[in-house]
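>>> can't give you the sequence, but here's the structure:
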């Protein structure tokens, strides 16, 4: 779940902290001075494993648990090849989404960035749809943004689903197997 790690009302069986391997913890400061909801060492002390997403090796202070590596890949990599695209994204690093579209062979006519977790208004979506139509382009969004839109507003917006591909899938399977074994022991 996105940004649920600090929600202590949620019972967690396994906590994987996903870190953008390229940008790491950025300036390492808490909101509003930085992007973090808590100190890095404090948060990592509760993590069962870290997933480094993408390329890079950010410092991981005081973490001795498993570190997995993965990358996001488009679920349908050829779906937008050769298409004219008007893209928008309200995620932490919208440029990563735009780069994914380019890697898929899409021709980005225009791109609009919004803050992470942006709540798109009906007016904003109307403006985006009109701009895409004028440019004779397909209006695309991250799947994360798309699912947060009001269902009635999703018309004429194409989500671009991605999935994680782990460098060593067996390492993730071992974590999940351990979790299942621990549950079996508790149930007996």
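Everything's here; your move. What you are looking at is a predicted structure, and each value in this text was computed from that prediction instead of being measured.

>>> who's in contact with the least confident helix or strand in the chain by mean pLDDT?
Comparing helices and strands within the chain by mean pLDDT, DSSP states H and E singles out helix 169-187 as the least confident, with a mean of 85. Where contact means CB atoms under 8 Å, 6 or more residues apart in numbering, the residues beyond helix 169-187 that reach it are 13, 14, 16, 48, 49, 66, 68, 166. Using the backbone N, CA and C atoms, a C-beta is placed for each residue, glycine as well.

>>> pick out the most distant pair among those residues.
By the measure CB to CB, 13 and 166 form the most distant pair in those, at 19.0 Å.

>>> and the end-to-end length of stretch 133-146?
Distance between the boundary residues of stretch 133-146 (CA to CA, to the nearest Å) amounts to 18 Å.

>>> next, the buried residues of stretch 141-148.
Within stretch 141-148, the residues scored as buried using 16 or more other CB atoms under 10 Å are 141, 142, 144, 145, 146.

>>> could you do stretch 64-78 as well?
Within stretch 64-78, the residues that qualify as buried by neighbour count (16+ other CB under 10 Å) are 65, 66, 68, 69, 70, 74.

>>> one step back: redo the buried residues of stretch 141-148 as TSV? Include distance to residue 184, pLDDT and secondary structure.
TSV is the format used below for the buried residues of stretch 141-148 (distance: CB to CB, whole Å; pLDDT from 0 to 100; DSSP: H, G, I helix; E, B strand; the rest coil):
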residue	distance to residue 184	pLDDT	secondary structure
141	41	98	strand
142	37	98	strand
144	34	95	helix
145	39	97	helix
146	38	98	helix
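
>>> out of the residues you listed, who's nearest residue 30?
When those are compared for distance to residue 30 (CB to CB), residue 144 comes out closest, at 23.2 Å.

>>> before we move on, back to that, widest-spaced pair of the buried residues of stretch 141-148?
Taking CB to CB, the two most distant members of those are 141 and 144; they sit 8.4 Å apart.

>>> for the buried residues of stretch 141-148, give me TSV that also has distance to residue 1.
Rendered in TSV, the data for the buried residues of stretch 141-148 read as follows (distance: CB to CB, whole Å):
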residue	distance to residue 1
141	20
142	16
144	11
145	16
146	17
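
>>> hmm, residue 3 is touching residue 37, no?
Yes. A contact is recorded between residue 3 and residue 37 when judged using CB atoms under 8 Å, the distance being 7.5 Å.

>>> so between the two, which is more surrounded?
Relative neighbour count places residue 37 above the other of residue 3 and residue 37, with 12 against 9, counting by other CB atoms under 10 Å.

>>> nearest residue to that one other than its sequence neighbours?
Spatial nearest neighbour of residue 37, excluding adjacent residues (CB to CB, 6 or more residues apart in numbering): residue 6 at 4.9 Å.
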